[in-house]
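Colleague: Show me how the following folds:
(4 chains)
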2 protein chains.
Amino acid sequence: MDAVPDPTSVAALIGEPARATILLALLGGESLPATDLAYRCRLTAQTVSTHLARLTDGGLLAVERYGRHKYYRLANPQVAHALEALNVLAPRQPVRSLRQSEEATALRFARTCYDHLAGALGVGMAQALDSRGYVAQADGHFRLSPEGAAWLERFGIATGTLASSRRAFAPQCLDWSERRPHISGALGAAMASRLFALGWIARTGSSRAVRLTPEGEAGLLAELDLRVPSR
Amino acid sequence: MDAVPDPTSVAALIGEPARATILLALLGGESLPATDLAYRCRLTAQTVSTHLARLTDGGLLAVERYGRHKYYRLANPQVAHALEALNVLAPRQPVRSLRQSEEATALRFARTCYDHLAGALGVGMAQALDSRGYVAQADGHFRLSPEGAAWLERFGIATGTLASSRRAFAPQCLDWSERRPHISGALGAAMASRLFALGWIARTGSSRAVRLTPEGEAGLLAELDLRVPSR
DNA sequence: TGGTTAGTTCGTGTACAATCGAAGTATGGA
DNA sequence: TCCATACTTCGATTGTACACGAACTAACCA
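Modeller: Okay, the predicted model is just below:
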């Protein structure tokens, strides 16, 4: 039997600039080594090492060793969810530079959220699948119809394997930019990775923004009649 | 045009024990005066006053004056949502006392979340309405069917007035205890307040736990065929 | 074997934020 | 009019957690 949960310690972990930088760097779903994270924080390796240890102890990060490297990633999708929920409350600050403005526009258009797609593209795909009857929304989750399963198989996603994985199949995840849900969970992850494999979307440099390639634009239009507002 | 949101400052606000105590005290949806909150924090009025000012500046609290009193409440439902999302990540600590255990059980069974019902009772009602076709879930929201509207009217809730309010009608809100959605927004608030008015549910002392009265138990069974697992 | 790189542990300095006493401003009631 | 209550502002104190240099272990390579 557990006691009433207390958000204080988790919030304190997130509410420190260096640790927030780390979490945001990993919010795109990547695994990054400690040195890389130290560089992004502009702090020494020692300092970041202690932050990483605390985040891992606190259950926010998971870590894997590869030889002498340690790769850190968000421990689970709930961490990404909490970060997005805090983003919704964050004071909207006006852009300070052209650089920032382009970054924000790109993120609003499409980005990875943990390991699935978010932004106008992620929400648009969820909508398109829904309006074609491929998925239905209930209980905070997307449910796949037989037609949806058939379409996904044709698209190159083995839905049988996904459904049998221990991970939640397709929970809704609320977008901070669109304020509507996109598909996360095993299905969201599989769709994102299939889109990367097809070359329909591609990562953009160091940011977690994602761009839609010309092939992707044509493909989504042909397959789902989806035209994403580029804004 | 806004820049990319940054969760750091909000998390830092929540991640301080006194401020977290304040937010949790208000998570039940009540409005409380500053002195009351100071008492709960076991801190002096001055100290709490500065915390309240920072929470208000940060957009987490709203305040209303009544004479020389100031009543504080959560600024909006998103604040409650973020707190619940952090609760999901909070380390599960074993109960330390019988007192704590009873508290946790009571909260799991039924509690107010901001101004609507959560816990097994809140989730159970949402499920019951859904399975009768009174509401459908889509897009992170519950939508009311004509049959649902008729039932609510009979139940004493003027759905027309609700729909025209500026507040979101019935978004899904994810429970930390049940990990499934319950009804929040204008409809969630109206349902909770109707249940209080009917005497079907009642507040339990100082906690935000809520108990189901014998009348409520009978009423929910008769009206919605709902039997809430007391566990 | 010795050198380089990745990451950790330890001890110390420092800066910031939480806290409270003292003194202030409103409001309400006797 | 005077006093009590609710809350705020100011200034001083204190505690803590962040940061880094120095020194460590562990892996990899030549």
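
Colleague: for chain A, which residue is closest to the average position?
Modeller: The centroid of chain A falls nearest to residue A:113 when counting by CA atoms, centre = their mean (1.1 Å).

Colleague: What's the local residue count around the closest residue to residue A:12 other than its chain neighbours?
Modeller: Excluding its sequence neighbours, the residue lying closest to residue A:12 (CB to CB, 6 or more residues apart in numbering or on different chains) is residue B:15, at 3.2 Å. For every residue, glycine as well, the C-beta is placed using N, CA and C. Other residues near residue B:15 come to 20 when the count uses other CB atoms under 10 Å in any protein chain shown.

Colleague: List the pairing partners of the lowest-mean-pLDDT helix or strand in chain A within its sheet, with orientation.
Modeller: None of the helices or strands of chain A scores lower by mean pLDDT, DSSP states H and E than strand A:172-174, at a mean of 77. Using DSSP bridges, strand A:172-174 pairs in its sheet with strand A:181-183 (antiparallel).

Colleague: Can you list the buried residues in stretch A:127-134?
Modeller: Neighbour-count burial for stretch A:127-134, counted by 16 or more other CB atoms under 10 Å in any protein chain shown, picks out A:127, A:128, A:129, A:130, A:132, A:134.

Colleague: Quick one: classify the nearest residue to residue A:114 once chain neighbours are set aside as helix, strand or coil.
Modeller: Spatial nearest neighbour of residue A:114, excluding adjacent residues (CB to CB, 6+ apart): residue A:80 at 3.9 Å. Three-state call for residue A:80 (DSSP: H, G, I helix; E, B strand; the rest coil): helix.

Colleague: for DNA strand C, what are the nearby residues on chain A?
Modeller: A:33, A:34, A:35, A:45, A:46, A:49, A:50, A:52, A:53, A:68, A:69, A:70 (CB under 7 Å from any atom of the strand).

Colleague: Which of those fall within helices?
Modeller: Those of those mapping onto helices are A:34, A:35, A:45, A:46, A:49, A:50, A:52, A:53, per DSSP state H.

Colleague: rewinding a little: the residues of chain A next to DNA strand C also near DNA strand D: which ones?
Modeller: Of the residues in those, proximity to DNA strand D by CB under 7 Å from any atom of the strand holds for A:46, A:50, A:68.

Colleague: Tally up the residues packed near the second one, please.
Modeller: Think residue A:50. For residue A:50, using other CB under 10 Å, the count is 10.

Colleague: Check the last one too.
Modeller: Neighbour count for residue A:68, taken as other CB under 10 Å: 6.

Colleague: how about the closest residue to residue A:78 other than its chain neighbours, secondary structure?
Modeller: Leaving aside its sequence neighbours, residue A:78 sits nearest to residue B:88 (CB to CB, 6+ apart; 5.1 Å). At residue B:88 the chain is in helix, as set by three-state DSSP.

Colleague: what helix or strand is residue A:22 on?
Modeller: According to DSSP states H and E, residue A:22 maps onto helix A:17-26.

Colleague: Give me the number of neighbouring residues for residue A:22.
Modeller: Around residue A:22 there are 26 residues (other CB under 10 Å).

Colleague: Contacts for stretch A:44-52, please.
Modeller: Residues from elsewhere that reach stretch A:44-52 (CB atoms under 8 Å, 6 or more residues apart in numbering or on different chains): A:16, A:18-19, A:22, A:34-35, A:37-38, A:41, A:61, A:63, A:70, A:72.

Colleague: Going along the chain, name the strands of chain A.
Modeller: Counting by DSSP state E, chain A has strands at residues A:32-33, A:61-66, A:69-74, A:111-113, A:116-118, A:135-138, A:141-144, A:172-174, A:181-183, A:201-203, A:210-212.

Colleague: Lowest average confidence across those strands, which one?
Modeller: Least confident of the strands of chain A, judged by mean pLDDT, is strand A:172-174 with a mean of 77.

Colleague: export the ones in helices among the residues of chain A next to DNA strand C to a markdown table and tack on pLDDT?
Modeller: Shown next, in a markdown table, are those (pLDDT from 0 to 100):
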| residue | pLDDT |
| --- | --- |
| A:34 | 95 |
| A:35 | 92 |
| A:45 | 96 |
| A:46 | 97 |
| A:49 | 97 |
| A:50 | 97 |
| A:52 | 98 |
| A:53 | 97 |
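
Colleague: quick one: which of those residues is most hemmed in?
Modeller: Ranked by the number of neighbours (other CB under 10 Å), those place residue A:52 first, at 20 neighbours.

Colleague: who touches stretch A:223-231?
Modeller: For stretch A:223-231, contacts defined as CB under 8 Å, 6+ apart pick out A:105, A:108-110, A:120-121, A:124-125, A:128-129, A:132, A:155, A:212, A:217, A:220-221.

Colleague: now for the helix holding residue A:22, which elements pack on it?
Modeller: Where contact means 3 or more CB pairs under 8 Å, 6 or more residues apart in numbering or on different chains; DSSP states H and E, helix A:17-26 is packed against helix A:8-14, helix A:34-41, helix A:45-57, strand A:69-74, helix A:77-89, helix B:8-14.

Colleague: how much space between the closest residue to residue A:77 other than its chain neighbours and residue A:73?
Modeller: Distances taken as CB to CB, 6+ apart place residue A:114 nearest to residue A:77, at 5.4 Å, with adjacent residues excluded. Separation of residue A:114 from residue A:73 (CB to CB, to the nearest Å) stands at 9 Å.

Colleague: Which one's more surrounded, those two?
Modeller: For residue A:114 and residue A:73, the more surrounded residue by other CB under 10 Å is residue A:114, and the numbers stand at 27 against 18.

Colleague: If I follow the layout properly, that one ends up in contact with residue A:186?
Modeller: No: contact between residue A:114 and residue A:186 fails when scored by CB atoms under 8 Å: they sit 12.0 Å apart.

Colleague: Low-confidence stretches in chain A?
Modeller: Applying pLDDT under 70 to chain A picks out residues A:1-2, A:165-166, A:205-206, A:230-231.

Colleague: Run through the residues of chain A sitting next to DNA strand D.
Modeller: Residues of chain A lying near DNA strand D (CB under 7 Å from any atom of the strand): A:16-18, A:43-44, A:46-47, A:50-51, A:54, A:66-68.

Colleague: Pull the most distant pair out of those residues.
Modeller: Using CB to CB, the two most remote members of these are A:17 and A:67, lying 30.4 Å apart.

Colleague: Comparing the two, which shows the higher neighbour count?
Modeller: Neighbours per residue, other CB under 10 Å: of residue A:17 and residue A:67, the larger number sits with residue A:17, 13 against 5.

Colleague: how near is residue A:129 to chain B?
Modeller: Counting by CB to the nearest CB, to the nearest Å, the gap from residue A:129 to chain B is 12 Å.

Colleague: Next: residue A:95.
Modeller: 5 Å.

Colleague: what number of residues lie near that residue?
Modeller: 16.

Colleague: quick one, what contacts residue A:67?
Modeller: Here residue A:67 is in contact with no residue (CB under 8 Å, 6+ apart).

Colleague: List buried residues within the contacts of stretch A:44-52.
Modeller: Buried subset of those (neighbour count, 16+ other CB under 10 Å): A:16, A:18, A:19, A:22, A:34, A:37, A:38, A:41, A:61, A:70, A:72.

Colleague: Right, I'll leave it there.
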